[in-house]
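Visitor: okay, here's the prediction I keep looking at, along with the sequence it came from:
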Amino acid sequence: SMVYHKLLTALHLCVLPRIQFLLIDLCDGRSYIRHNTLNSGRLLYRYPYLDKAIAAKPDHFTHLDTVIFRDSFHYREDRIGLEAVDFLLAAIPNVRVAFFDFVGGEKPDDYREIDPLPAAVELSWPALPRLEELYFDPCVRRQGAVPLVAISNMLQRILSLKKFVYRHKFPDTYKPEVLFSPRKLLDVILLVKETLLHLHIFCNNAKIPYLPGDTLFDHRLKELTLLKTLVLDEELFCQHWISKSCEDSC
């Protein structure tokens, strides 16, 4: 195809060594992806052609510092959804910053789960132990459960995480089975308390006021003694501003 031809041309011209990060959309072909370049002019490689690019010039990917996985979809709590790019992870062993941009959880109509399901792909990523920054921004959960098991499994394998950012969106209606629990997220974050320096959590669209008080952040937040920056929504730890009249009318 013309796109593949252009990609190989870029490889032969040694463009890749000048790229500092890779953005990969796991829902390739969506209408809002209209260009093959980022605003900076750097190339945007979409995964149907990426396996061929890696095979042609595998060493070009080993220098990458940052990877952005956009639209990773997972339907279980114990995985993030990188099965479609499992071939890529071994080629980017030196990544230190990983973004999971728009982590969805609604199954497409044609989805068929493999039986038996293999182990979560992200846990075999060679770069995982040395990640320094991890972003889930946003995690969009209209129907499914929050992937805290998957995030926990990842954090247990990271040796020196410095920054963790999590932004939660939805549900925008009251659904007890999928409501976000700040305390469960805190359980996961405490796994990296010995190295974490920066923590940012945003969840003000997640109907936190409807959660019982014992699901909010508690005194264990003080265990994060190394923090240099802490950015939290009020909803994570405080409900004093919610009046009874507001609860009845919401």
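Guide: Looks like it arrived, so ask away.

Visitor: so where is the chain shaky, pLDDT-wise?
Guide: For the chain, residues meeting the criterion pLDDT under 70 lie at 1-20, 27-48, 106-115, 143-144, 171-178, 205-211, 239-250.

Visitor: strands along that one, start to end?
Guide: 21-25, 66-70, 97-101, 133-140, 163-169, 198-205, 229-232 (DSSP state E).

Visitor: burial count for the residue nearest to Leu22 when sequence neighbours are not counted?
Guide: Closest residue to Leu22 apart from its sequence neighbours, by C-beta to C-beta, 6 or more residues apart in numbering: Val67 at 5.0 Å. Just so you know, the C-beta spots here come from the backbone N, C-alpha and C atoms, and that holds for glycine as well. Neighbourhood size, Val67 [other C-beta atoms under 10 Å]: 22.

Visitor: and the gap between Val67 and Cys139?
Guide: For Val67, the distance to Cys139 equals 17 Å [C-beta to C-beta, to the nearest Å].

Visitor: cool, and Lys52?
Guide: Distance, Lys52 to Cys139, using C-beta to C-beta: 31 Å.

Visitor: which non-adjacent residue is nearest Asp25?
Guide: Nearest to Asp25 is Arg70, by C-beta to C-beta, 6+ apart, at 4.5 Å.

Visitor: related to what we said a few turns ago, more neighbours, Lys52 and Cys139?
Guide: Neighbours of Lys52 and Cys139, each counted by other C-beta under 10 Å, are more numerous for Cys139; the result is 23 against 13.

Visitor: that one - nearest residue in space that isn't next to it in sequence?
Guide: Distances taken as C-beta to C-beta, 6+ apart place Val103 nearest to Cys139, at 4.5 Å, with adjacent residues excluded.

Visitor: follow-up on the earlier one: want to throw the strands of the chain into a markdown table with distance to Leu123?
Guide: Converted to a markdown table, those look like this (distance: least, C-beta to C-beta, whole Å):
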| stretch | distance to Leu123 |
| --- | --- |
| strand 21-25 | 18 |
| strand 66-70 | 15 |
| strand 97-101 | 13 |
| strand 133-140 | 14 |
| strand 163-169 | 17 |
| strand 198-205 | 23 |
| strand 229-232 | 28 |
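
Visitor: out of these, flag the one nearest Lys57.
Guide: Checking the strands of the chain against Lys57 by C-beta to C-beta gives strand 21-25 as the closest, at 13.1 Å.

Visitor: packing partners of the closest one?
Guide: strand 66-70 (3 or more C-beta pairs under 8 Å, 6 or more residues apart in numbering; DSSP states H and E).

Visitor: this structure: helices as residue ranges?
Guide: Using DSSP state H, the helices of the chain run over 2-12, 50-56, 86-89, 148-155, 182-189, 244-249.

Visitor: contacts for stretch 215-228, please.
Guide: 181-184, 186, 189-190, 193-199, 208, 230, 232, 236-239 (C-beta atoms under 8 Å, 6 or more residues apart in numbering).
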